[in-house]
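Trainee: Sequence and predicted structure are below.
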Number of protein chains: 2
Amino acid sequence: MPTDPSPFLPVEAQLDLITKGASEIIPAADANSADSLRVRLEESRKSGTPLRIKAGFDPTAPDLHLGHTVLMRKLRHFQQLGHTVIFLIGDSTALIGDPTGKNQTRKPLTREEIATNAETYKAQVFKILDRDKTEVRYNSEWLDKLSYYDIVKLMSRFTLSQMIEREDFHKRFANEEAISLHELMYPVMQGYDSVALKCDVELGGTDQKFNLMRGRDLQRDAGQKPQIILMTPILEGLDGVQKMSKSLGNAIGINDPAPDMYGKLMSISDELMWKYWIFLTDKKISEIKEMQDLVAAGKLHPMQAKKDLAHAITADFHSAAAADTAAENWSTQFQQKGVAEDLPEVTVSLASEGLQADGAVRIAKLLHLAGLAASTGEATRKLAENAVSINGEKFSGKIISREVLGESPTLRLGKRAVRVKWTP
Amino acid sequence: MPTDPSPFLPVEAQLDLITKGASEIIPAADANSADSLRVRLEESRKSGTPLRIKAGFDPTAPDLHLGHTVLMRKLRHFQQLGHTVIFLIGDSTALIGDPTGKNQTRKPLTREEIATNAETYKAQVFKILDRDKTEVRYNSEWLDKLSYYDIVKLMSRFTLSQMIEREDFHKRFANEEAISLHELMYPVMQGYDSVALKCDVELGGTDQKFNLMRGRDLQRDAGQKPQIILMTPILEGLDGVQKMSKSLGNAIGINDPAPDMYGKLMSISDELMWKYWIFLTDKKISEIKEMQDLVAAGKLHPMQAKKDLAHAITADFHSAAAADTAAENWSTQFQQKGVAEDLPEVTVSLASEGLQADGAVRIAKLLHLAGLAASTGEATRKLAENAVSINGEKFSGKIISREVLGESPTLRLGKRAVRVKWTP
């Protein structure tokens, strides 16, 4: 057998890692046409030339949370495979503000705010990407050089109808909410970034599809091969329902201290735990499936799987030692706390209607059943007011897993506290 | 009485000339607010500073006709009053193409086509404006210097709804006809021209109102006094119905030879003659009124008034001598021709239903009544096929005045010819 001279892994192995947790790839990864990820990888391997992988970030929300890292982890996969990852800071597109998913015009940032945010962004991003192997670029490099004539030409390439087809623009237009003309420039300018960078692949969230496709259009116009588009899903937050977002209060910040990060991860439902395994760790799909089988067979406690997840992610953003400490503290606080306290005991049946879903307990329902709130509605309000503690820790989420609650959890609402005794 | 040191005429006298034949002035010329033409003129007179008057021309249709001269004549009025007239050649806006009144995207011109057209334009325009007193500018001077950032800022000033309110965009949008994104830049860039030129007054056709108003918006943003807007009407062509336009075949080109120009002017209806007196000559409204009174009193033959008009306009674009010659030739050809010919005579009653309107005769009807066509429909087709001659000259219009026809006109359709004898 001849030796394989390529510095790159075989294409199948690369595709395994790249497609893990990808929502959609355009054109499909296994497409036969020359315009496919597979063919791009084959050509790259044959010629020994790394692919150019771009992901753009508007430095408008500098506090990153785990939702943002789904995409960055995917960038890291490409980096680990030897490709060139371009971390593009959209300093000049930020002057417009991405209208994606917005129902009003963004307030434009100043150059100074953008520069500050970009620095904060980088400091956080290099917890995930390898700083030495990442090409950091700013789109002001080429956008600020565009002339009036260039911009007229780029804009002439698209029609108003194409723009209005976008869900967010369409809604705003239909609802007579203002769309400023400069917002129509955003998808065009983002598309031009791909031309300037000669990208082979662009990564983005599923909500970015429209913008990502414009890059393909403009690259074709410029005589370049249109980039492959790889979209990552929008990650749910701690509640398992809504998109992770700082403003919704369901986010884990990548700058959160290790104990907070660990604790928040331990509070998620079992169902969400498997998603987080897929999107927030590098564990292979086959290994995750194995764990799921063990849990199903009763050979692995789901709480252990969750502890492993919380440890893995915390170690990623801090260190293995910090994760160890966080895990110990958590066990002390949440599993042992409350046992020593002398509190009135109330009996709650685990079979109570509406109490559990997928191994997670609805806190508002539990507070009501435990007699601390007159109704689940009242309990929900109290949770929102941050008036509830569980096992001695403030809690304002909606659900918490059985494992985290433990065998005899303590609940506190305002000045009243009880210890729960479960019955089947 | 102190002597008046201002080089400018009193404001009332200036307003007399400026407002003649203006369709609309914004804000109204007699507005009391500081933001009015009257106050601008007063300030200019007091300080001895000429006002800056802008009119922009896209060098896309280099063959000017009399319809275009309505606006240019208004520029000349300002020039005669001592103000600074800026003849702005929109070489860079022409790269976009004004979408006003269009139902499809214009094909962009190349820089070369624009430069050629601009030269042709200038050659024609200085038949009206005083070359030495005219500031000729190209908007590439400032538009080509706009940065990406400048353009984003200008575009952010307006919303999509504002643009879609425009009748032409609205229609195209409602009819699902493509509007390219760069077309939305046009009104913004035209508005910016006024900022760059620090205009006091901008002139334009009534169909330009939307674009002209954007200049006021952007000047306010830039801390300038918003320009006064003066709109001139869209002139009807020879048929007296549709807008004068080369493609509709009802235009008099300013490069037309003197005999053609004179002859075409002699073919218009009496009603249209008075409009042309107002919009295409410098005769004062009071003098025109006087002529109308004389005609009404039977003291002036309307044909004489029309000959005076044709002479005045022809002299304007050629010379008094050329106009004299054209008038003589016309009389020879149209009024005397046919008398010598030995043609069959047909009697046509001037009271025939549908023959006359406002002193003009419907040619198709006349051809039918004279027995040359089986129906007015057939006659209309023959006119369109250019198969008709009147008084020895090819004719393809719809109407012709009684005076031009004369007392015993000759009509020819194909090989058949007759002499008409009018009866009451």
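Mentor: Yep, it's here. Residues are numbered from 1 along each chain as shown, chains lettered A, B, ... in the order given.
Trainee: looking at it, A:I96 is touching A:K107, isn't it?
Mentor: No. Using C-beta atoms under 8 Å, A:I96 is not in contact with A:K107; the gap is 11.4 Å. Using the backbone N, CA and C atoms, a C-beta is placed for each residue, glycine as well.
Trainee: more crowded one of these two?
Mentor: A:I96 (29 against 7; other C-beta atoms under 10 Å in any protein chain shown).
Trainee: How about that one: what's its closest non-neighbour residue?
Mentor: A:Y186 (4.8 Å; C-beta to C-beta, 6 or more residues apart in numbering or on different chains).
Trainee: how many neighbours does the one you found have?
Mentor: The burial count for A:Y186: 24, using other C-beta under 10 Å.
Trainee: name the element it belongs to?
Mentor: For A:Y186, the host element (DSSP states H and E) is helix A:186-197.
Trainee: Contact residues of chain A facing chain B?
Mentor: For chain A, the residues in contact with chain B (C-beta under 8 Å from any C-beta of the partner chain) are A:92, A:95-96, A:105, A:108, A:143-149, A:151-153, A:155-161, A:163, A:173, A:176, A:178-182, A:184-185, A:188.
Trainee: give the contact list for A:A196.
Mentor: A:139, A:141-142 (C-beta atoms under 8 Å, 6 or more residues apart in numbering or on different chains).
Trainee: Please apply the same query to A:Q224.
Mentor: A:195, A:198.
Trainee: mind running it again at 10 Å?
Mentor: A:194-195, A:198-200, A:215-216, A:218 (C-beta atoms under 10 Å, 6 or more residues apart in numbering or on different chains).
Trainee: Chain B: which of these is nearest?
Mentor: Checking the contacts of A:Q224 against chain B by C-beta to the nearest C-beta gives A:L218 as the nearest, at 12.8 Å.
Trainee: neighbouring contacts of stretch A:25-42?
Mentor: Applying C-beta under 10 Å, 6+ apart, the set of residues contacting stretch A:25-42 is A:8-12, A:14-15, A:18-19, A:22, A:43, A:51, A:81, A:83, A:200-202, A:209, A:212-213, A:216, A:220, A:225-231.
Trainee: could you redo the last one with a cut-off of 8 Å?
Mentor: Residues contacting stretch A:25-42 (C-beta under 8 Å, 6+ apart): A:8, A:11, A:14-15, A:18-19, A:51, A:200-201, A:212-213, A:216, A:225-226, A:228-231.
Trainee: which residues in chain A form strands?
Mentor: A:24-26, A:52-57, A:84-89, A:134-138, A:201-205, A:228-232, A:345-349, A:356-357, A:360-362, A:388-390, A:393-394, A:399-401, A:410-413, A:416-423 (DSSP state E).
Trainee: pLDDT below threshold where in chain A?
Mentor: Where chain A drops to pLDDT under 70, the residues are A:1-5, A:29-32, A:61-62, A:101-103, A:105-106, A:334-342.
Trainee: Find the centremost residue of it, please.
Mentor: Here the mean C-alpha position of chain A is nearest to the C-alpha of A:G67 (C-alpha atoms, centre = their mean), at a distance of 1.9 Å.
Trainee: Could you double-check that it sits in contact with A:P233?
Mentor: No. Look at A:G67 against A:P233 with C-beta under 8 Å: they stay out of range, at 9.7 Å.
Trainee: residues contacting the closest residue in space to A:S44 that isn't next to it in sequence?
Mentor: Once flanking residues are discounted, A:S44 sits nearest to A:L51: 5.0 Å by C-beta to C-beta, 6+ apart. By C-beta under 8 Å, 6+ apart, the contact list for A:L51 reads A:40-41, A:44, A:78, A:83-84, A:200-201.
Trainee: what would these look like in TSV with distance to A:K299?
Mentor: Output for the contacts of A:L51, formatted as TSV (distance: C-beta to C-beta, whole Å):
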residue	distance to A:K299
A:R40	42
A:L41	38
A:S44	42
A:F78	35
A:H83	38
A:T84	43
A:D200	44
A:V201	40
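Trainee: that older thread, just put the contacts of A:Q224 in JSON lines and tack on neighbour count.
Mentor: Compiled in JSON lines, these are given as follows (neighbours: other C-beta atoms under 10 Å in any protein chain shown):
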{"residue": "A:S194", "neighbour count": "28"}
{"residue": "A:V195", "neighbour count": "20"}
{"residue": "A:K198", "neighbour count": "14"}
{"residue": "A:C199", "neighbour count": "28"}
{"residue": "A:D200", "neighbour count": "25"}
{"residue": "A:G215", "neighbour count": "27"}
{"residue": "A:R216", "neighbour count": "22"}
{"residue": "A:L218", "neighbour count": "23"}
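Trainee: from these, which two are the most distant?
Mentor: A:D200 and A:L218 (14.8 Å; C-beta to C-beta).
Trainee: got a list of contacts for stretch A:275-283?
Mentor: A:20-21, A:66, A:69-70, A:73, A:77, A:232-233, A:235-236, A:265, A:268, A:285, A:288, A:291, A:305, A:309, A:312-313, A:316.
Trainee: Could I have the buried ones of those as PyMOL selection syntax?
Mentor: In PyMOL, this line selects whichever of these come out buried by 16 or more other C-beta atoms under 10 Å in any protein chain shown:
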select buried, chain A and resi 20+21+66+69+70+73+77+232+233+235+236+265+268+288+291+305+309+312+313+316
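Trainee: Let's see which of the contacts of stretch A:275-283 end up in helices.
Mentor: A:66, A:69-70, A:73, A:77, A:265, A:285, A:288, A:291, A:305, A:309, A:312-313, A:316 (DSSP state H).
Trainee: May I ask which two of the residues you listed are separated the most?
Mentor: A:H77 and A:A305 (22.7 Å).
Trainee: Quick check: beta-bridge partners of A:V136?
Mentor: A:F87 (DSSP bridges).
Trainee: Distance-wise, check it relative to chain B.
Mentor: A:V136 is 21 Å from chain B, where distance means C-beta to the nearest C-beta, to the nearest Å.
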